Every structure is written in C-alpha cells, then in structure tokens.
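Peer 1: dropping a prediction and its sequence here:
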Amino acid sequence: MNGLSIIMAAGDGGAGQAKAFAPLDFSTFPSQLFWLFLSFGILLFLLSKVLLPRLGGILEERSNRIADDLDSAARMQREAEQAGKAYEQSLSDARAKAHNVAETTRASVNAELEAELLVADEQTAKQTAQAEAKIQATRAAAMANVDEIAAETALALTQHLYPKKVSITAVRKAIKALG
Amino acid sequence: MAAEAGKQFDPVRQFDIHKMVDIQVGKYDISFTNSSFMMVVAVAAICLFLFLSTTKKSLIPGRFQSLAEISYEFVANMVRSTAGRDGLQFFPFVYAIFMFILFANIFGLIPFFFTTTSHIIVTFALAMMVMVTVLIVGFWKNGFGFLKLFNPSGVPLILKILLVTPLEIISFISRPLSHSIRLWANMLAGHIMLKLFASFGIAMAVGLSGIFKIGAIAPAIMTIALTPLEILVAFLQAYVFAILTSVYLNDALNPGH
C-alpha cells in the first residue's frame, strides 16, 4: 500500500460507503433528540435548583461581607473624625480657659499693684505735706529769731553810736516799721 | 484494503453515530449512542465541576471556585446587559445553554471524542428551545403586544407595510435556522479541517518513502496551528449562541424596542 492510494481513498471515502452523511441521517434524530432533552433537562434542573443558587449564594455572601466591611470602615472613620473633633474642642477650651486665667490673674495683680501704688502715693503726699509744714514752721521760727537778732544787733549798734538810752521795745517797733 | 484505510481517514466518518445500547420505544429508536454518551459526559462534567468547586464555599475563592464564579458572572453580566434585570429570571436557562455548548464543543476537540454539536438536529433543537421559550414568554408577558416586534415605531406607514414588517417577520422566522446552522457549520467545518490536515500528515508520514516523509511536517504544523483556533471557535460559538439567546429573550420581554 502506498501513500497516494491512501490519500486518494481518503478523498472518496464517503462515496465508497453506503452510509449517508451522518449529520443528515434522519434515522438517528429521535435518539439524539431524546437524549438531548433528557440530559439538557437534567442539567437545567440541577443548575436552577442546586448549583447556581449555591454559586450565587457564595457571590452574594461575599458582596454582603464586602459591603458590611465598607460600612463598618466608614463608621469607624466617622467615629475617628468625631473623636478628633472632640479633641480639638477640648484643646481649644483648655486654651481659652488658660487664657482666661492668665487674664484674670494679670488684672488682679494690676489692681493690687495700683492699690498699693495709691496707698504709697498717699503716704508720700502726707509725709511731704508734714515735711513742708515743719519746714514752714522752722522757717517762721527762724524768721522770728531773725527779727530778734536784728533788734538786738540794732540795740547794740545804737548803744555804741547813740548816747541816749534806747529801749529794746522801741528798737523792735522801729524794725517792725521798716519791715 | 484501500477502502478500509479510506474509512479510517475519511474526514466525515468522525460524525458517524454508533449505538452503544440499543433501545426501542414503539417505532422510535432512542438507542444510547456515542452522541448520547458525550451529552451525558458534558452534563456530568458541568455538574461535577460546579459542585466540587463550590463545596468549600470560601470567601476567598480557590482556583476552581474562581473559575466557576467567573463563568457565573460572565453569563449573568451578558444576560443583564442584553436583556436587562428582568432577563435574569432566564439566567439558569442561558447559563445551561452556554455551558452545555461550551463543554460539548471543547470535549469534541479531544481526539477520538464525538462532538455532539456537530449534528444539526442537536443545534436545531437547542435553537428551537430558545425560539419556543421566546414565543411563550413573549405572548405570556405582552399578549398581542408581542406583535409590536414586527411594528417598529418611527417608520413611515408605507415603508412599514411594504418593507419593514415583512423583513422583521422573515428575520424572526429564520432565527432558529441561522442560530442553529451557525454553531453546527462552525463545528462541522472545524472538525473536518482538523481531521483532514491531521490524517493528511499521517498518510504522508506512513505512505511516502524516504526523504519525502519530511513533507508530512507541513500538514502537521497546520494541525497544530488550527487547534488553538478551534478552541477559540468552540468558546466563541458558545458565547455567540448564549448572547443571541439573551437578545431574543430581550425581544420577548420588551418587544417595543
């Protein structure tokens, strides 16, 4: 047997057989239809009643789980944001309080200081007034003494220059008349 | 001897149906054949795959569970995007059609395995299932409003009577034909081509002598190149069949559009 005869035979192989082209052989149709409907029916039944709900359940469960996880993540983020806000709030509160305390302390210290200053001023003024009064008195006394000294000096001078007796009272009168 | 060898290499002999268990009911021959066997194998494989891949029900899917989930969401998205949310009630039907055709096509590509979808009666029966479903759902949901399908809005009356409505009716009636022949012809032609090139390569390697045996490389390379293409076609035809099913179901649910 050589290759050429095999190839030739392959070419007209169908013609040599009595059998028709198999896909158009009507005698096999009932069997094919019967088994197709049977097997496809069983497949459809199993798929719609058992297998696809099972598979769909897995997918649904996963998407639910993912949605849940996303939800809880969002909730946690919200909570974290709220906590952050609360922290900011308390921080600014504390800052305001501290500011307040500082302010009141400063004000009270200032008031105290001013009061003390006032008292000190008053005391100073009083002392000044006392000192001035003293000076005034001293000066008046001194001035009185000056008059006396002048009278005595003038008496001594007149006793040396003038032979007539001059009384001290007359001298004082004269100085007063000058003054 | 040549005739026997010819039977071996004849590219259409692979579509022959052999009885495995002879069953007669009345005058009908419903024998269990190699075709029936492959149908049962496909259904068993689909069910086993889906069952075993979902036993663990893990939150983070493994390899096979991932595959099962991808097939689920692939078909679900297809139905949702073409037939809308209402269409999801037909999701198991579309999923069954998609998986059945996909598994039948893919299994058929394994050497010496029979391809169920290479027989016109099988694809035609599947297409008729879709057609009957569409008709029942269409009339049940919309009553005679379903006939609006042939009466598209926004077309001048004369044009509608003369051209559009007859065309719509013809296209509706020819749907099961085009639907089934598309799948069948793709499977048939692909398998004939594969068989032709593969047997040609073997015949050259066996039959030719000496240095000429090298010539067998050309058909062998062709076979290797065609195989991934056929895998693509196997998937693509299942996808096309399923998406057209959802498009037709959309017509049944919303005939006005």
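Peer 2: Noted; the coordinates are in hand.
Peer 1: B:Lys195 and B:Pro11 touch, don't they?
Peer 2: Yes: under the criterion of CB atoms under 8 Å, B:Lys195 makes contact with B:Pro11 at 4.2 Å. C-beta: built from backbone N, CA, C; applies to glycine.
Peer 1: can you name the next helix or strand after the helix or strand hosting A:Glu79?
Peer 2: Per DSSP states H and E, A:Glu79 falls inside helix A:52-161. Following helix A:52-161 in sequence order, the next helix or strand is helix A:168-178 (DSSP H and E).
Peer 1: residues making contact with that following helix?
Peer 2: A:147, A:150-152, A:154-155, A:158 (CB atoms under 8 Å, 6 or more residues apart in numbering or on different chains).
Peer 1: can you pull out the low-pLDDT segments for the chain?
Peer 2: You didn't pick a chain, so chain A it is. Applying pLDDT under 70 to chain A picks out residues A:1-20, A:179.
Peer 1: that's the other chain; I wanted chain B
Peer 2: B:1-9, B:256-257.
Peer 1: for it, what spans make up the helices?
Peer 2: B:2-9, B:34-53, B:63-83, B:91-108, B:120-142, B:157-159, B:165-173, B:175-207, B:217-253 (DSSP state H).
Peer 1: as a markdown table, these with distance to A:Arg78 would be great.
Peer 2: Converted to a markdown table, the helices of chain B look like this (distance: least, CB to CB, whole Å):
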| stretch | distance to A:Arg78 |
| --- | --- |
| helix B:2-9 | 75 |
| helix B:34-53 | 39 |
| helix B:63-83 | 32 |
| helix B:91-108 | 38 |
| helix B:120-142 | 46 |
| helix B:157-159 | 61 |
| helix B:165-173 | 56 |
| helix B:175-207 | 54 |
| helix B:217-253 | 42 |
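Peer 1: filter the contacts of helix A:168-178 down to the buried ones.
Peer 2: A:151, A:154-155, A:158 (16 or more other CB atoms under 10 Å in any protein chain shown).
Peer 1: between those residues, which is closest to chain B?
Peer 2: Taking CB to the nearest CB as the measure, chain B sits nearest to A:Ala151 out of the buried ones among the contacts of helix A:168-178, at 130.9 Å.
Peer 1: the closest one: what's it in contact with?
Peer 2: Neighbours of A:Ala151 in contact, by CB under 8 Å, 6+ apart: A:168, A:171-172, A:175.
Peer 1: now, which of those residues sits nearest chain B?
Peer 2: Distance to chain B, by CB to the nearest CB, is smallest for A:Ile175 among the contacts of A:Ala151, at 130.2 Å.
Peer 1: spatially nearest residue to B:Leu135 (excluding sequence neighbours)?
Peer 2: Using CB to CB, 6 or more residues apart in numbering or on different chains and skipping residues adjacent in sequence, the residue nearest B:Leu135 is B:Ala252, 7.6 Å away.
Peer 1: can you report how many residues lie near that neighbour?
Peer 2: By other CB atoms under 10 Å in any protein chain shown, the residues close to B:Ala252 number 24.
Peer 1: gap between it and chain A?
Peer 2: 18 Å (CB to the nearest CB, to the nearest Å).
Peer 1: go on, B:Tyr239?
Peer 2: Note on B:Tyr239: its distance to chain A, by CB to the nearest CB, is 18 Å.
Peer 1: enumerate every residue touching that residue.
Peer 2: If you count contacts by CB under 8 Å, 6+ apart, B:Tyr239 has them with B:78, B:98.
Peer 1: one more: the one 5 residues further on?
Peer 2: If a contact means CB under 8 Å, 6+ apart, then B:Leu244 has B:130, B:179 as its contacts.
Peer 1: can you tell me how far it is from B:Met131?
Peer 2: From B:Leu244 across to B:Met131, the span is 11 Å (CB to CB, to the nearest Å).
Peer 1: what touches both of those two?
Peer 2: Shared contacts of B:Leu244 and B:Met131, defined by CB under 8 Å, 6+ apart, comprise B:His179.
Peer 1: doesn't B:Ile70 make contact with B:Pro61?
Peer 2: No: in this structure B:Pro61 lies outside contact range of B:Ile70 using CB under 8 Å: 9.3 Å.
Peer 1: circling back to that earlier point, buried deepest among the helices of chain B, which one?
Peer 2: Mean neighbour count (mean count of other CB atoms under 10 Å in any protein chain shown) peaks for helix B:91-108 among the helices of chain B, with a mean of 24.
Peer 1: next, the angle helix B:217-253 makes with that one.
Peer 2: 170 degrees (axes from the mean of the first three to the mean of the last three CA atoms, to 10 degrees).
Peer 1: what's the offset of helix B:91-108 from the middle of its chain?
Peer 2: Computed by CA atoms, centre = their mean, to the nearest Å, the separation of helix B:91-108 from the middle of its chain amounts to 7 Å.
Peer 1: just want the angle from that helix to helix B:175-207.
Peer 2: Using the same axes, to 10 degrees: helix B:91-108 against helix B:175-207 is 20 degrees.
Peer 1: would you tell me whether helix B:91-108 gets close to chain A?
Peer 2: Yes: judged by CB under 8 Å from any CB of the partner chain, helix B:91-108 and chain A are in contact via B:91-93, B:95-96, B:99-100.
Peer 1: so what does that helix touch, helix or strand wise?
Peer 2: Applying 3 or more CB pairs under 8 Å, 6 or more residues apart in numbering or on different chains; DSSP states H and E, we find helix B:91-108 packed against helix A:29-46, helix A:52-161, helix B:34-53, helix B:63-83, helix B:120-142, helix B:175-207, helix B:217-253.
Peer 1: out of the buried ones among the contacts of helix A:168-178, who's nearest B:Ala83?
Peer 2: Top of the list for closeness to B:Ala83, among those and by CB to CB, is A:Ala151 at 144.9 Å.
Peer 1: just the CA trace of stretch B:209-218, in CSV.
Peer 2: Taking C-alpha atoms only, stretch B:209-218 is exported to CSV below (Å, rounded to 0.1, in the frame of the first residue of the first chain):
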residue,chain,number,x,y,z
SER,B,209,9.1,6.8,1.3
GLY,B,210,12.5,8.1,2.4
ILE,B,211,13.2,11.8,2.2
PHE,B,212,9.6,12.6,1.2
LYS,B,213,8.4,11.8,4.7
ILE,B,214,9.6,15.3,5.7
GLY,B,215,6.7,16.7,3.7
ALA,B,216,4.4,15.5,6.5
ILE,B,217,5.7,18.4,8.6
ALA,B,218,3.6,20.9,6.7
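Peer 1: fine by me, thanks again.
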